[in-house]
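just need the structure, nothing else, for what follows:
(one chain, ligands or ions: 1)
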Amino acid sequence: MTSDTSPFRPVTASRSPALTGTVNVPGDKSISHRSLILGSLATGETRVSGLLEGEDVLRTAAAMRALGADIYKDPSGVWHIFGRGVGALSEPDRVLDMGNSGTAARLLMGLVASCPFTTFFCGDESLHKRPMGRIALPITEMGAKISSRSEGRFPLAVTGNQLMPIEYELPVASAQVKSAIMLAALDTAGITRITEPRPSRDHTENMLRHFGAEVTVTTLENGAREITLPGQQELKPADIVVPGDPSSAAFLVVAAAILPGSDVTILNVGLNPLRDGLFETLAEMGADLEVLNIRIEAGERVGDLHIKGGPLQGIEVPVGRAPSMIDEYPVLFVAAAFATGTTVMKGLRELRVKESDRLATMAAGLKACGISLEELEDGLIIEGTGKAPAGGATVSTELDHRIAMSFLVLGLASDQPVTVDDGRVMETSFPGFVQLLESMGALFSQGSSS
Ligand code: S3P
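Okay, here's the model as predicted:
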């Protein structure tokens, strides 16, 4: 195959001047998925502004349409969702293709578990490798049936049923598993109780309350949380303003932190306390980061971030902080590569089952860029010299948007340019990533540097 016919789209980042500007990042992916799903379950019209129009979220929109909701975007950019009520979804006449999105896949498996029909799911090569047993287990216990090709992985079918409520302790800190059970429980008579030993993002709980549902969250003595959800509640339609995604803001924050002289403000970023671990960690590493104008919008904490470039110190990141920054480790590894000293990051086994094995993919790419590190079964230990790493490598993104953006951030401040083999994956969560950073001074080119 010649490079002209290859579907891959390499992108190269080169050493850039200081980044400057006041910008917005696209809407929060987790909140966008949930607004489409819960809006489709409310009775009447829900309006959503700031929805992330990335590929993952558009998969959820298409799936909810196939399940009977009426969803459209008006010319001003506001999305309108005409929900049919809890328990009123209809049988899709096609296989639901979830693309690259683990969140869409897992939340919708829970949602259709209580529907009186069979729903077929498929996805891309990355999604077909990801574990779905973690969802199959609780929803089967509630009474649904799963038929899958291999070990509970995609492609699979969920045959819904009249479910029984459960009491379930999450074996991993996962908002996707918690949310799938809550969505299954919504149309189930009786009270479902979920215990999470380590709290994970609570957007489903917050948004259910925003739609008028009763959800109780109790923090137990050992720090675990218990979520109690009575089933068969009506959801009232609501207006939602989706804040900027802190997981997308993370790339800009690290890029500004490692490029000396940078001065960047990111407006309207979601700062849910169960999502802000990266910002706390960067502050501990000595980053010049301020959080301004904190406010609550649609049940979520929102604020502006002001970041300046400057030296970073290696630290040991507390293991218990991992759930609050689980998607931000790839870009934190990049920050650690620019810090002075050792950064120890452990308790990260979950990173091996994300869009790619993020510990292995990042370790391989960082080593190729001249960074010293040790890869553990559950983490990375990175040795920073306080100087810019060499760079000069082409990195495989393995169908993983966050790997692509992390290495492009690295290439903006390394000695030699860094190329990612396929930039298309960034469309899943951050459409316009390259253009937004270019508007702040970053240097990119399409294609490889060699
Ligand atoms: C998400 C939860 C997290 C996160 C994912 C989005 C969500 O996954 O990694 O990107 O929206 O619920 P886990 O629940 O598997 O930790």
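
neighbours of the closest residue to Val11 other than its chain neighbours, how many?
Of all residues not flanking Val11 in the chain, Gly423 sits nearest, at 3.6 Å (Cβ to Cβ, 6 or more residues apart in numbering). (Glycine included, C-beta is placed from N, CA and C.) Burial measure for Gly423: 23 neighbouring residues, criterion other Cβ atoms under 10 Å.

pretty sure Gly423 is touching Val434, no?
Yes. Using Cβ atoms under 8 Å, Gly423 is in contact with Val434, at 7.1 Å.

next, the contact list for Gly261, please.
Going by Cβ atoms under 8 Å, 6 or more residues apart in numbering, Gly261 touches 17-18, 309.

with Ala255 instead?
Per Cβ under 8 Å, 6+ apart, neighbours of Ala255: 19, 262, 409, 412-413, 437, 442.

mind doing that once more with 6 Å?
Residues counted as contacts of Ala255 (Cβ atoms under 6 Å, 6 or more residues apart in numbering) are 19, 409, 412.

ok, now Ala175?
By Cβ under 6 Å, 6+ apart, the contact set of Ala175 is 200-201.

for the one 5 residues further on, same thing?
Shown here is Ala180, whose contacts under the criterion Cβ under 6 Å, 6+ apart are 106-107, 109-110, 135.

which helix or which strand is home to it?
helix 175-186 (DSSP states H and E).

Ile240 now?
Element membership of Ile240, judged by DSSP H and E, is strand 239-241.

also Met109?
Applying DSSP H and E, one finds Met109 within helix 102-112.

rewinding a little: and the strand holding Ile240, which strands flank it?
Paired strands of strand 239-241, with direction, are strand 43-49 (parallel) (DSSP bridges).

buried ones in stretch 284-294?
By neighbour count with 16 or more other Cβ atoms under 10 Å, stretch 284-294 contains the buried residues 285-289.

can you name the next helix or strand after the helix or strand where Glu438 lies?
Element membership for Glu438 (DSSP H and E) is helix 433-439. Using DSSP H and E, the helix or strand that follows helix 433-439 towards the C-terminus is strand 443-446.

specify which member of the buried residues of stretch 284-294 is nearest to Ser247.
Distance to Ser247 across the buried residues of stretch 284-294 (Cβ to Cβ) is lowest for Leu289, with 15.9 Å.

now do the contacts for Ala413.
Applying Cβ under 6 Å, 6+ apart, the residues near Ala413 are 258-259, 388.

output those in JSON lines; the columns should cover distance to the ligand, neighbour count and secondary structure.
Shown next, in JSON lines, are the contacts of Ala413 (distance: Cβ to the nearest ligand atom, whole Å; neighbours: other Cβ atoms under 10 Å; DSSP: H, G, I helix; E, B strand; the rest coil):
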{"residue": "Ile258", "distance to the ligand": "23", "neighbour count": "26", "secondary structure": "helix"}
{"residue": "Leu259", "distance to the ligand": "26", "neighbour count": "26", "secondary structure": "coil"}
{"residue": "Ala388", "distance to the ligand": "29", "neighbour count": "18", "secondary structure": "coil"}
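
partner strands of the least confident helix or strand in the chain by mean pLDDT and their direction?
Every helix and strand of the chain was ranked by mean pLDDT, DSSP states H and E. The lowest is strand 145-150, at a mean of 90. Its sheet considered, strand 145-150 pairs with strand 153-159 (antiparallel) by DSSP bridges.
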